[in-house]
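J.: below is the sequence, then the predicted model.
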Amino acid sequence: KFAASVGAENSSRCESCPLGFSQNARGAAFCLPCNPGLFQNLTGRSRCVPCRVGTASRNVSRTIPCGSCFPGYAQPKHGQVSCADCSPGRYQGGAGSAGCEDCTAGQYAEKEKAVRCALCEEGLAQSKSGQIGCADCSPGRYQGGAGSAGCKLCAINHFANETNMTKCHVCANGTTAKTE
């Protein structure tokens, strides 16, 4: 509470701090506005409430609770004014999250703010997590399934003469192929 005028006769002259303001000092002449990343949606309070992890507030009046971070964003700290973008190679599919997650092997997120990771296409693979793309299967190797962590070697008497092959070719009659 604060005293709106000098020379107040009793405590009934003290007024409650309005929404978006607080005052924790006794006998203060005014209330203080909540700082960015804090809010107060009740009157007469001694402190403002910080935004929780996974939330943020840009609300200028600071009178409403902080909003959850949208999918593709996260906020690991208390009392923040904005949520952070998930960086390429990472994603967040849910709202109100404290952090982004790495795409697993066989998946990737090319751009920031991803809400899900894409699977590596056939003929491509990715053995590491947190990546922004997939690697080509080199000649002699293939990958017939999407979302794979690695390319496979062609079997004996089979070959893959190009990159990104989804299957190996059988050697023609009278020829053989050996793996290295």
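T.: Cool, the structure landed. Predicted model only: the values in this text are computed from it and were never measured. Numbering: from 1, shown residues only.

J.: all contacts plus neighbour counts: C-alpha atoms, from now on.
T.: OK.

J.: so how far is residue 65 from residue 81?
T.: Applying Cα to Cα, to the nearest Å, the value for residue 81 to residue 65 is 12 Å.

J.: which neighbours do the two share?
T.: Common neighbours of residue 81 and residue 65 (criterion: Cα atoms under 8 Å, 6 or more residues apart in numbering): residue 57.

J.: neighbours around residue 176, how many?
T.: The tally of other residues near residue 176 (other Cα atoms under 10 Å) stands at 12.

J.: go on, residue 62?
T.: 23.

J.: the one 4 residues further on now?
T.: Applying other Cα under 10 Å, we find 25 residues neighbouring residue 66.

J.: same check on residue 119?
T.: Other residues close to residue 119 by other Cα under 10 Å number 23.

J.: and residue 26, by the same measure?
T.: Residue 26 has 10 nearby residues by other Cα under 10 Å.

J.: swap in residue 109?
T.: Neighbourhood size, residue 109 [other Cα under 10 Å]: 26.

J.: contact partners for it?
T.: Counted by Cα under 8 Å, 6+ apart, residue 109 has contacts 88-91, 103, 116-118, 130-133.

J.: any low-confidence regions in this structure?
T.: Along the chain, segments meeting pLDDT under 70 span 1-13, 178-180.

J.: at 50 instead, please
T.: 6-8 (pLDDT under 50).

J.: ok, residue 134 - contacts?
T.: Applying Cα under 8 Å, 6+ apart, the residues contacting residue 134 are 106-108, 120, 124-126.

J.: ok, 10 Å please
T.: 105-110, 118-121, 123-128, 147-150 (Cα atoms under 10 Å, 6 or more residues apart in numbering).

J.: try residue 129
T.: 89-90, 101-108, 149.

J.: again with residue 114
T.: Counting by Cα under 10 Å, 6+ apart, residue 114 has contacts 71-73, 85-93, 100, 103, 108.

J.: about what we covered before: from the contacts of residue 134, which ones fall inside strands?
T.: 107-108, 118-119, 124-125 (DSSP state E).

J.: out of these, which is nearest to residue 48?
T.: Checking those against residue 48 by Cα to Cα gives residue 108 as the nearest, at 40.7 Å.
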